[in-house]
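Predicted model follows, preceded by the sequence.
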Amino acid sequence: MKDLQQDMTKKQHEYWKKNTRLIKVLLVIWALVSLVAAIILAKPLSEVQFFGVPLAFWFAQQGSIIIFLILIFYYAKRMDKLDEEYDVQEVILTKKKTKDKGVST
Amino acid sequence: MSVESLTLTLVVLTFAIYLYIGWRSKVKDTSNFFVAGNDIPAVANGAAIAADWMSAASFISMAGLISFLGYDGTIYLMGWTGGYVLLALLLAPYLRKFGRYTVPDFIGDRYYSNGARAVAAIATIFISLTYVAGQMRGVGIVFSRYLQVDIVFGVLIGMAIVAFFAVLGGMKGITWTQVVQYTILIVAFLIPAIAISFKLTGNPVPQLALTFSDIAKELSVLQVELGLKEYLAPFQNMSALNVFAVTLALMIGTAGLPHVIIRFYTVKNVRAARWSAGWALLFIALLYTTAPAIGVFAKYNLINSFNDQPINEVRETAWVTKWEETGLLTLDDKNGDGVLTFSSNESANEVTIDRDIIVLSTPEVAGLAPIVIALVAAGGLAAALSTASGLLLAMSSAVSHDIYFRIYRPNASEEQRLKVGRLMIFLAVLVAGYFGINPPGFVGEVVAFAFGLAAASLFPAILLGIFDRRMNREGAIWGISVGLAFTVVMILLMRSPQIFGTETPVLDSFFGINAQGVGVVGALLNFIISFIVSRRTAAPPEEIQQMVEDIRVPKVMDKTG
C-alpha cells in the first residue's frame, strides 16, 4: 500500500516534469516568433524579403498569430498523449464533476 | 428594399434569435448559471470565447487603427492573440481542474484568505466595468449610424436584449448566444474583406493577398511620397521599447482577464479546456489575420480614390457623400485648386479620414450589395452585445458568488444564491447602460487600466498559485498589492490630463514605457515581491500544497490502490 502510493506520487511528478518541459519549449518558440522576430530583430529582419512583404512585417502581422495557433493545438495534442501514457485522463462522467469522482468511479 | 429597411430586418431577425436562445437556455441552478453546468463542447466554447473577446472595437475600429499605425499595429495583433498561448499552456487546464466558478474562487482558496478573495473580486469588478461601458456605447453608436436611432434609445434596446438572456440563462444562455453572435460577426467581417481583396489583387484570401501581392509595398511607397510614415517599417509611431512593453502587457493582461478565464470553467474537462483555447484562438485569428489585410487594402484604395483627384468628381460617388455627412470623412479643398491632396502637414492636408471608416466603408467601396452593409451592422451589434454579456456575468459572479456567498453568507441556500446572481446581473446591466448613455470622458483611457491591472494583479497570482507550490498567502497578498498599487499610480500619473484634467501629464513615462505598457513592470514587481516574501514566511498548509498537486494532473491518480 505505502509503496504503491509512493510509486504513484513519483509518477505524478514525472508527468508534471514532462509537462513543464514541453511548456518551456513552446514558450521559447512563442517568444521567438513574436517578441524577438517582430520587435527585437525588427530592423535586421525588415531587410529580408518574404514574398511581397519584409519578413519582420510578416511575423508582426501574420506569422506570429499563425504560429501561436499551431503551438496551442500542438500542446493539446501532446498532452492528450501524455495523459494517456500516465493514465491520468479524466473519466468523463455524465453529470457533475470532480468532488464526488472518487466515489462514483 | 433600401439599405435601412434591410438593416432593420436583419437586426430584428438576429435579436429574435438571441431572445429565442435565451428562452431555450433557462437555468434553475447556480452551476448552470455561473459555468453552464460544465457542459459546453470545446469548439462551442472556443466560439464563445472568440465572441466574448472580440468587442465592438475589434470589429469596427481595429483594422482602421492598424492602418494608421502601420507596422506598429502589431501591438494589438500580437498582444491580443499571444495571451491565448499563455492561457492555454499556463492557466486554463489547471483552473478547469480546480473547477469552481470564478477567478476570486481560485485566488481565495489557493491563498486560504478571504482578504485575497475580496481583492481579486474587486479587481474583477473594476476590470470588467471599465470594459463594459465602451461596449454599451458601441451598441448605441451602431444603432445611430445605421438606423438613425438616437444613441440613448439604441443603448436601451441593447440593455433589454442582454438583460433578457443573461438574467434568464446566465452563463448557459450567454454561451449559446455568443456562439451565434460569433458566426454573424465573422461572416460580416470576412465578406467585405474577401471582396476588397479580390478587387485589388485578384486573390480572394486576404491573408494570402497581403503576403503575396505588392499592395503593401506600394502603399508603403505611396505613404512616403505623401509625406506620411513608411507603412512597412517598424517603430515609426512608437519606440521599440514601447512596442515591446505594450505587446507584452496586452499578452499578459489578456491571460489575466476574468471574463475570458471563467469561460474555461464551462467545458467538460481539462482536455476540453486545452482544446477550446486552440479553437478560441483559431476563431479569433480569422479576424485578427484579416484585419491587417483590410487595413492595407482599404487605405491603399482610399488614398488612390482621393489623392490628386478633382474634388467635384470625388463628391459624386455615393459613399463619399454618405460618409462626409456622418463627419467621419472630411474633404476640404484648402488651396482651392479643385484637386484633393494628402499631406502630413495639418494645414495643407485636404482629406481627413476617421479610422472607423476603414471597416465601415469597405462594403460600399468594394461595390457590394446593400445586404452586406446590413450584415456589417448586425455584426457590429453582435460583437458589442456578446462582449458585454460576458463581462456582465464576470462582474455579477464576483459580487454574488465571491462576495455574497463565499465571504458574506457562506450558508446561503442554492435558491438564494441563484436569486442574488440574477439580481446582480440585472444591476450590472443597469450600471453598464448608465455608462453607455453617460460615458465618462476617459473611457478610452481606462482600457489601459483593464489590461494593466489584469497583468499586474491576477495573472502573476494565478500563475504562481499553480506552478510554485511554495507560494503562500503572504507572498501573494504582498505581490498583488505592490503590483496593483504601482500600476494604478503610474497610469493615473501618465494619464492625468484625461483623468484629472491637468495641463500636461504629471509623469511622461516610466523610463520610456507608456501607460499601456506599464502593466509589464507591475507584473514583474508582483512576481519578485511574491517570491521574496513567500520565501521568508511560513510555507502554505499541507492541504493547500496537496491541492496544488491535485490541480496539476487532470485526474488524481488513485492513491488508495
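Looks like it came in fine. Because the structure is a prediction, the values reported are computed rather than measured.

From here on, just use CA atoms for contacts and neighbour counts.
Noted.

in chain B, which spans are strands?
B:329-331, B:351-353 (DSSP state E).

which residues touch the last one?
The reference is to strand B:351-353. For strand B:351-353, the external contacting residues (CA atoms under 8 Å, 6 or more residues apart in numbering or on different chains) are B:306, B:328, B:329, B:330, B:331, B:332, B:340, B:341, B:342.

Is it possible to get a markdown table of the strands of chain B that adds distance to residue B:522?
Listed next are the strands of chain B as a markdown table, based on distance: least, CA to CA, whole Å:
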| stretch | distance to residue B:522 |
| --- | --- |
| strand B:329-331 | 40 |
| strand B:351-353 | 36 |
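
With residue B:509 as the reference, name the closest of the ones you listed.
Using CA to CA as the measure, strand B:351-353 is the one of the strands of chain B that comes nearest residue B:509, at 29.1 Å.

Buried ones in the closest one, by neighbour count?
B:351, B:353 (16 or more other CA atoms under 10 Å in any protein chain shown).

Make JSON lines out of the strands of chain B and add mean pLDDT.
Conversion of the strands of chain B to JSON lines gives the following (pLDDT from 0 to 100):
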{"stretch": "strand B:329-331", "mean pLDDT": "88"}
{"stretch": "strand B:351-353", "mean pLDDT": "88"}
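
Give me the buried subset of the contacts of strand B:351-353.
By neighbour count, with 16+ other CA under 10 Å, these hold B:306, B:329, B:330, B:331, B:332, B:340, B:341, B:342 as buried.

excluding its backbone neighbours, what's nearest the last one?
The one in question is residue B:342. residue B:349 (5.1 Å; CA to CA, 6 or more residues apart in numbering or on different chains).

Could you report the distance from that neighbour to residue B:228?
Using CA to CA, to the nearest Å, residue B:349 is found at 11 Å from residue B:228.

so what's the residue nearest the centre of chain A scoring on pLDDT?
The centre of chain A sits closest to residue A:75, judged by CA atoms, centre = their mean, with a distance of 3.5 Å. pLDDT recorded at residue A:75 is 98.

so what's it up against?
Contact partners of residue A:75, counting by CA under 8 Å, 6+ apart, are A:22, A:23, A:26, B:89, B:274.

looking at it, residue B:99 is touching residue B:267, isn't it?
No: contact between residue B:99 and residue B:267 fails when scored by CA atoms under 8 Å: they sit 9.8 Å apart.

before we move on, the earlier item: tell me the contacts of the residue nearest to residue B:342?
Residue B:349 makes contact with B:334, B:341, B:342, B:343 under the criterion CA under 8 Å, 6+ apart.

Would you confirm that the second one contacts residue B:304?
In this case it means residue B:341. No: the pair residue B:341 and residue B:304 does not pass the contact test of CA under 8 Å, sitting 10.7 Å apart.

What are the contacting residues of stretch B:133-148?
Outside of stretch B:133-148, the residues within contact range by CA under 8 Å, 6+ apart are B:4, B:7-8, B:55-57, B:149-155, B:158-159, B:377, B:380-381, B:384-385, B:387-388, B:432-433, B:435-437, B:439, B:443-444.

Please indicate which of those residues are buried?
Of those, these count as buried by 16+ other CA under 10 Å: B:4, B:7-8, B:55-57, B:151-152, B:154-155, B:158-159, B:377, B:380-381, B:384-385, B:387-388, B:432-433, B:435-437, B:439, B:443.

Could you list every helix and strand in contact with the longest helix seen in chain A?
In chain A, taking DSSP state H as the definition, the longest helix is helix A:2-31. Contacts defined by 3 or more CA pairs under 8 Å, 6 or more residues apart in numbering or on different chains; DSSP states H and E place helix A:2-31 against helix A:64-85.

please redo it, this time with the cut-off set to 10 Å
Contacts defined by 3 or more CA pairs under 10 Å, 6 or more residues apart in numbering or on different chains; DSSP states H and E place helix A:2-31 against helix A:64-85, helix B:74-86, helix B:542-551.

Let me know the pLDDT of residue B:382.
At residue B:382, pLDDT is 92.

if we can go back for a sec, which one of the contacts of strand B:351-353 sits closest to residue B:109?
The closest of the contacts of strand B:351-353, once distances to residue B:109 are taken by CA to CA, is residue B:328, at 50.2 Å.
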